[in-house]
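Asks: Quick one, structure for this:
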Amino acid sequence: MQLQPDYHDCFAERAEVMESKPDEKTGKTSLMVRMTYRFPSTGETLDHYHILVKKDGTLNVDRSGVSEVSKLEQRYGVDLSNFEFDNNKLSPDIIVRAKVEEEKREYKGKTYTDLRIARIYDNGRKESQPVDKAALGRRFGSILRAAHSSNRAPTVSKPSRAPSTGPGKAGAPTPPPPAAKAPPAAPTATDGGISSAQECWAIFCELPDFKNMSEGDRGEAWWKMLDETFGHRQQERLSPQEWGAMKEKLEGMEQIPF
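Replies: Alright, predicted model coming up:
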């Protein structure tokens with residue numbers, strides 16, 4: 001089986017901090033990390049260059065304002081301020097998501113098609129840990145009750161056993177959230193400017209400007225909008241009223257506001 005253009009899980013097997021070739025006109029160089037990623041599904045490897053400092057001397061920053069330096073430091077626990085990158089830390093337990101595309105190149109009059117990594121995402125999937133419900137109740141119970149004091153109290157005090165089907169986020173920019181194929185497990189309040197992550201995600205996926213996007217691009221646009229609206233706060237900490245404001249924003253949108 002050979003690797004095909006698509007989204008694939010992989011892990012970084014090797015890292016090398018290096019300087020690019022000088023620009024022909026200016027003579028300036030960029031600083032980058034060449035990572036070798038292995039794909040367990042096929043055993044193949046592909047290299048990807050993470051540009052840290054561009055040739056104009058500025059940090060490489062994405063549209064959400066996060067630098068490539070910050071992403072790699074958070075993902076692999078390194079300190080790139082002193083060019084530290086310990087290859088021994090690159091282990092298969094740090095799984096990331098790669099967008100693999102085809103790339104055509106010309107050589108001696110012939111056209112060749114190669115595979116390349118277009119982008120690396122944090123996977124965001126974590127192994128589940130046993131839950132101590134009593135300890136969680138002591139730590140977070142009063143906070144949850146206070147957050148819902150102004151809303152209708154649920155008819156059942158125990159939390160639902162059904163897992164949430166809404167999008168989730170952990171750490172740095174993460175991999176794209178799954179499409180909402182089924183209604184949320186828990187009922188969603190929609191009156192009085194109240195909503196939920198699941199409901200907003202479902203509306204977002206149906207907007208004309210996002211509906212036909214690829215899974216990865218739609219996920220990136222979702223997190224971009226959340227960061228701009230709520231200032232990089234974790235979505236799990238947003239109140240039903242804040243999701244209600246998000247819902248109103250989505251319903252009034254006619255095009256991507258960025």
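Asks: Determine the three-state secondary structure at Trp223.
Replies: The three-state assignment at Trp223 reads helix, by DSSP: H, G, I helix; E, B strand; the rest coil.
Asks: Let me fix that, I meant to ask about Glu106.
Replies: Once three-state DSSP is applied, Glu106 turns out strand.
Asks: which residues touch it?
Replies: By C-beta atoms under 8 Å, 6 or more residues apart in numbering, the residues touching Glu106 are Tyr112. (Glycine included, C-beta is placed from N, CA and C.)
Asks: Next, work out how far apart it and Asn212 are.
Replies: Separation of Glu106 from Asn212 (C-beta to C-beta, to the nearest Å): 31 Å.
Asks: Ile203 too?
Replies: 16 Å.
Asks: who has more neighbours, these two?
Replies: Higher neighbour count among Ile203 and Asn212: Ile203, with 18 against 8, using other C-beta atoms under 10 Å.
Asks: And the strands in the chain?
Replies: 6-19, 31-38, 45-53, 95-107, 110-122 (DSSP state E).
Asks: With respect to Arg63, which of the ones you listed lies nearest?
Replies: strand 110-122 (12.2 Å; C-beta to C-beta).
Asks: what helices or strands is the closest one leaning on?
Replies: Packing partners of strand 110-122 (3 or more C-beta pairs under 8 Å, 6 or more residues apart in numbering; DSSP states H and E): strand 31-38, strand 45-53, strand 95-107, helix 215-230.
Asks: where's Gln198 relative to Trp223, distance?
Replies: With C-beta to C-beta as the criterion, Gln198 and Trp223 are 16 Å apart.
Asks: before we move on, what about Thr26?
Replies: Separation of Thr26 from Trp223 (C-beta to C-beta): 35 Å.
Asks: quick one, which of the two is more surrounded?
Replies: Neighbour totals were compared for Thr26 and Trp223, and Trp223 leads with 19 against 9 (other C-beta under 10 Å).
Asks: Could you check how far that one is from Met246?
Replies: 13 Å.
Asks: hmm, back to that, buried deepest among the strands of the chain, which one?
Replies: strand 31-38 (a mean of 19; mean count of other C-beta atoms under 10 Å).
Asks: What is it packed up against?
Replies: Judged by 3+ C-beta pairs under 8 Å, 6+ apart, strand 31-38 is in contact with strand 6-19, strand 45-53, strand 110-122.
Asks: closest one to Tyr76 among those strands?
Replies: Using C-beta to C-beta, these put strand 6-19 closest to Tyr76, at 7.2 Å.
Asks: what mean pLDDT would you report for that closest one?
Replies: Across strand 6-19, the average pLDDT comes to 92.
Asks: So what are the sheet partners of that strand and their directions?
Replies: With DSSP bridges as the test, strand 6-19 is paired with strand 31-38 (antiparallel), strand 95-107 (antiparallel).
Asks: Minimum distance to Glu68: which of those has it?
Replies: strand 31-38 (8.3 Å).
Asks: and the closest one, how far from the chain's centre?
Replies: Counting by C-alpha atoms, centre = their mean, to the nearest Å, strand 31-38 is centred 19 Å from the centre of its parent chain.
Asks: Repeat that for stretch 2-12.
Replies: Worked out by C-alpha atoms, centre = their mean, stretch 2-12 lies 16 Å from the chain centre.
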